[in-house]
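*Asks:* have a look; sequence and predicted model below, questions after that.
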Amino acid sequence: MSINSSLSSALSGLSVAARRAEIVASNIANAATPGYGRRVLQIGARTTGTHGYGVAVTGVTRVVDMRVIGQRRLADSDAGSTSTLASFYKALELKIGSPDEPQSLNGRVAMLNQSFLEATSHPESEARLDKVASSAKALASTLKSVSDAIQGQRVAADSGIANQVQQLNDALNRVADLNSQIRDNSGAGSDPSSLMDQRQQLIDSIAAIVPLREYDRGNGQIALMTSGGQMLVDGGVAKIEFTPVGVISPAMTLQSGALSALMIDGRAVDAVGDNSPIAGGSLAALFKVRDVDGVDAQTRVDAVARDLVERFQDPSLDATRIAGDPGLFTDGNAVFNPANEVGLAQRLKLNPVVDPDAGGQLWKLRDGLGATVPGASGNASLLNAWEGALTLDRSPVSGNFMTGARSFSELSADFTSLVSTARLGAESDATYAQAQADTMKSMELENGVDTDQEMQDLLQIEQAYAANARVMSTIDDMIKQLMDL
C-alpha cells in the first residue's frame with residue numbers, strides 16, 4: 001500500500017468516526033423525543049479494484065420495533081375511547097348531583113315530599129304552600145338542567161367529531177406527502193430518517209382518534225388501515241367528511257336524518273358498534289356519546305319526567321280540574337301527550353295556575369287547580385293526595401328501567417344509580433386502558449435509545465478516531481523524513 005493509499009484510508013476512518021459520533025450524539029439528544037427512531041450507521045470496506053481503500057458509510061438504519069409501536073397505538077386508541085366515555089358520564093353525574101346534596105335530583109324530590117308533608121300539617125299557611133310551589137319548580141328545573149346537560153354533551157361531541165375529522169384529513173394528507181418525500185430522498189441517496197420520525201409522530205396522533213395498522217410497502221413507503229378494515233392511506237388518501245350542527249335538541253338523531261353521518265370516500269359508514277370501520281378510538285366514542293349514550297340518557301330523564309307528570313295528572317286526584325287540562329306538572333304549560341315524550345324533561349313546568357311568578361294562586365294547591373274561589377283553609381285532603389301521588393308505587397312505562405312498581409323517589413334514585421354505575425364502569429375501563437397504554441409506551445422506550453450503550457459506543461468511536469489520527473501522524477512523520485533525504 002502506498003503512502004497516499006494509507007493516508008486516504010486514515011482520512012476515511014476519521015470521516016466515518018466523525019459521522020458515527022454525529023449519529024450517537026443525535027441518538028443521545030433525542031432519547032426522550034416522541035417518534036424518534038434510533039439511528040445506526042452502516043459502514044463497509046471501500047475498495048478500488050481488488051485492493052482495500054479505507055472505509056465508507058453505506059447507509060443509516062432507523063431502528064424501531066414496529067410490533068411494539070403497533071400495540072402501543074392500539075392501546076392509545078382504546079385509552080382515547082374510554083376516556084371520552086368516562087368524561088361524558090362524569091359530567092352527567094355531576095349535573096344530577098350526589099343523593100346527599102340538597103340541590104341534586106334526589107335532593108329535590110326529597111324536598112318536594114317534605115314540603116307536601118309540612119303543608120298538610122298547616123294547609124292554611126301561605127309560606128308552606130309557597131314552599132310546595134318553589135320545591136316543585138326546583139324539581140322541574142333540575143330535570144331540565146339534566147336534559148340540557150345531556151344535549152350540551154351531544155353538541156360538544158358533534159363539534160369534537162368535526163375537529164377530529166379535520167385533524168384526520170390534515171394528518172393523512174401529510175402522511176401521504178411524507179411518503180413521497182421519503183421515496184424521493186431514498187432515491188437520491190439521502191437519509192430519510194428525520195422524515196420517518198415526522199411521519200411516525202403524525203401516525204401516533206392519528207392513532208388516538210382512530211385505531212390504525214401500518215403496512216410496509218417497501219422503499220420507505222407505508223399504508224395505513226383502520227383495525228376495522230378501512231384503508232386510509234395507500235398511495236392515495238381517503239377523504240373523510242362530516243357536517244356539524246350548532247344546536248342539538250332531544251328529537252335530533254342520526255336515524256331521523258337531523259345529524260350528519262361519517263362519510264368516507266363519499267360513502268356513509270357506521271361509526272358505532274363492533275362492525276364499525278373506525279371502532280375503538282376517540283372518534284367512534286364521540287359518535288357513541290352523540291348517537292347512543294346521550295340518546296339513552298335523554299330517554300331515561302324524559303321517562304322520569306313523564307312519570308312525574310302522570311302521577312299528578314291522574315283525574316282522580318283533583319275533582320276541580322277540568323278534563324283536558326294539565327295537572328300539577330305540565331308539558332310546557334299544556335297537558336302531556338304520551339306521543340310527545342321526547343324532550344319532555346326540557347319542557348317540564350309547574351302548572352302556572354299555582355305559580356305566583358306566572359300570576360297563579362298558591363291556595364289552589366290546597367283547594368284544587370280548577371277551583372274558582374278559596375275553600376276551607378284547614379282542608380288538607382288535596383295536599384295529602386299530592387303527597388300520596390309522589391310516594392305511590394307505580395311502574396314506569398318508558399325509559400327501559402327494570403320492571404317493578406316504585407315511588408317517584410325510588411325511580412329518580414334508579415336513574416341516578418344507572419348513571420353512577422355507568423360512570424364507574426367507564427372510569428374503570430379508562431384506567432385499565434391508560435395503564436395498558438403506559439405499559440406499551442414504556443416497552444417502546446426500552447426498545448429505543450439506550451444512553452448507556454450509546455456512551456459505550458462513543459468511547460469506541462473516540463478510540464477509533466484517535467487510532468486513525470495516529471496513523472495520519474505517523475504518515476506525516478514518514479513524509480517529513482522523505483523530504484529530508
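*Replies:* Right, received. Where do you want to start?

*Asks:* what's the burial count for residue 36?
*Replies:* Residue 36: 22 surrounding residues under other CB atoms under 10 Å. In short, each C-beta sits where N, CA and C put it, glycine included.

*Asks:* so it: helix, strand or coil?
*Replies:* coil (DSSP: H, G, I helix; E, B strand; the rest coil).

*Asks:* isn't it up against residue 196?
*Replies:* No: if you go by CB atoms under 8 Å, residue 36 and residue 196 don't touch, sitting 9.7 Å apart.

*Asks:* give me the residues contacting stretch 35-48.
*Replies:* Residues external to stretch 35-48 that are found in contact with it (CB atoms under 8 Å, 6 or more residues apart in numbering): 12, 16, 19-20, 23, 26-27, 30, 52-64, 193, 196-198, 200-201, 204, 448-449.

*Asks:* convert the C-alpha atoms of the helix or strand containing residue 195 to CSV, please.
*Replies:* Secondary structure from DSSP states H and E places residue 195 in helix 193-207. Taking Å, rounded to 0.1, in the frame of the first residue of the first chain, the C-alpha atoms of helix 193-207 are listed here in CSV:
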residue,chain,number,x,y,z
SER,A,193,-34.8,9.1,8.9
SER,A,194,-35.9,12.6,10.1
LEU,A,195,-38.9,12.4,7.7
MET,A,196,-39.7,9.0,9.0
ASP,A,197,-39.7,10.4,12.6
GLN,A,198,-42.2,13.1,11.5
ARG,A,199,-44.4,10.5,9.9
GLN,A,200,-44.4,8.4,13.0
GLN,A,201,-45.4,11.3,15.1
LEU,A,202,-48.3,12.0,12.7
ILE,A,203,-49.4,8.4,12.8
ASP,A,204,-49.2,8.4,16.6
SER,A,205,-51.5,11.5,16.7
ILE,A,206,-54.0,9.7,14.4
ALA,A,207,-53.9,6.5,16.5
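
*Asks:* now do the helix or strand that it is followed by: which elements does it pack against?
*Replies:* Tracing the chain past helix 193-207, the next element assigned as helix or strand by DSSP H and E is strand 212-218. Packing partners of strand 212-218 (3 or more CB pairs under 8 Å, 6 or more residues apart in numbering; DSSP states H and E): helix 66-96, helix 193-207, strand 221-226, strand 231-234.

*Asks:* wait, which of those is closest to residue 348?
*Replies:* Proximity to residue 348 (CB to CB) singles out helix 66-96 among these, at 15.3 Å.

*Asks:* please, where are all the helices along the stretch 101-250 of the chain?
*Replies:* Along the stretch 101-250 of the chain, the segments classed as helices by DSSP state H, counting those that start in this stretch run 105-121, 126-187, 193-207.

*Asks:* in the shortest one, which residues are buried?
*Replies:* Within helix 193-207, the residues that qualify as buried are 193-200, 202-207, counting by 16 or more other CB atoms under 10 Å.

*Asks:* tell me which of those is nearest to residue 2?
*Replies:* For these, the nearest to residue 2 is residue 193 (37.1 Å; CB to CB).

*Asks:* quick one, what contacts residue 424?
*Replies:* Residue 424 makes no contacts at all, as judged by CB under 8 Å, 6+ apart.

*Asks:* state the pLDDT value of it.
*Replies:* Per-residue pLDDT puts residue 424 at 96.

*Asks:* hang on, it in a helix?
*Replies:* Yes: counting by three-state DSSP, residue 424 is located in a helix.

*Asks:* ok, now how distant is it from residue 304?
*Replies:* To residue 304, residue 424 is 21 Å away according to CB to CB, to the nearest Å.

*Asks:* one more: residue 387?
*Replies:* Where residue 304 is concerned, residue 387 sits at a distance of 19 Å (CB to CB).

*Asks:* do residue 326 as well
*Replies:* For residue 326, the distance to residue 304 - CB to CB - is 18 Å.

*Asks:* residue 385 too?
*Replies:* According to CB to CB, residue 385 stands 21 Å off from residue 304.

*Asks:* have a look at those two and say which one is more surrounded.
*Replies:* Ranked by neighbour count (other CB under 10 Å), residue 385 and residue 304 place residue 304 first, with 27 against 18.

*Asks:* chain neighbours aside, what residue packs nearest to the more buried one?
*Replies:* residue 415 (5.4 Å; CB to CB, 6 or more residues apart in numbering).

*Asks:* which residues touch that neighbour?
*Replies:* Residue 415 neighbours (CB under 8 Å, 6+ apart): 96, 105, 300-301, 304, 399, 401.

*Asks:* which one (most neighbours) among the residues you listed?
*Replies:* That'd be residue 301 among these, by other CB under 10 Å, with 29 neighbours.

*Asks:* separation between residue 457 and residue 231?
*Replies:* Computed as CB to CB, the residue 457 to residue 231 distance reads 40 Å.

*Asks:* same deal with residue 170?
*Replies:* From residue 170 to residue 231 the distance is 18 Å (CB to CB).

*Asks:* what about those two, which has more around it?
*Replies:* residue 231 (17 against 13).

*Asks:* so for the lowest-mean-pLDDT helix or strand in the chain, what gets flagged as buried?
*Replies:* Least confident helix or strand, the chain: strand 51-63 with a mean of 78, by mean pLDDT, DSSP states H and E. Neighbour-count burial for strand 51-63, counted by 16+ other CB under 10 Å, picks out 54-55, 57, 60, 62.

*Asks:* same deal with stretch 271-284?
*Replies:* Neighbour counts using 16+ other CB under 10 Å place 271-272, 276-284 of stretch 271-284 among the buried residues.

*Asks:* pull out the CA atoms of that stretch and give them to me as PDB.
*Replies:* Provided in PDB are the C-alpha atoms of stretch 271-284 (Å, rounded to 0.1, in the frame of the first residue of the first chain):
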ATOM      1  CA  ALA A 271     -69.300   4.900  13.400                       C
ATOM      2  CA  VAL A 272     -70.600   2.900  16.300                       C
ATOM      3  CA  GLY A 273     -70.600  -0.800  17.000                       C
ATOM      4  CA  ASP A 274     -68.300  -3.700  16.700                       C
ATOM      5  CA  ASN A 275     -68.600  -3.700  12.900                       C
ATOM      6  CA  SER A 276     -67.700  -0.100  12.500                       C
ATOM      7  CA  PRO A 277     -64.600   0.500  10.400                       C
ATOM      8  CA  ILE A 278     -63.400   3.100  12.900                       C
ATOM      9  CA  ALA A 279     -64.400   1.300  16.200                       C
ATOM     10  CA  GLY A 280     -62.000   1.800  19.100                       C
ATOM     11  CA  GLY A 281     -60.800   5.300  19.100                       C
ATOM     12  CA  SER A 282     -62.000   8.700  20.400                       C
ATOM     13  CA  LEU A 283     -63.800   9.500  17.200                       C
ATOM     14  CA  ALA A 284     -66.100   6.400  17.500                       C
END
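
*Asks:* can you count the residues close to residue 476?
*Replies:* Residues near residue 476, counting by other CB under 10 Å, number 11.

*Asks:* my error: substitute residue 374 in the last question.
*Replies:* Neighbours of residue 374 using other CB under 10 Å come to 12.

*Asks:* ok, it touching residue 367?
*Replies:* Yes: with contacts counted by CB under 8 Å, residue 374 reaches residue 367, the gap being 5.8 Å.

*Asks:* run through the protein and note the low-pLDDT ranges.
*Replies:* 1, 48-52, 485 (pLDDT under 70).
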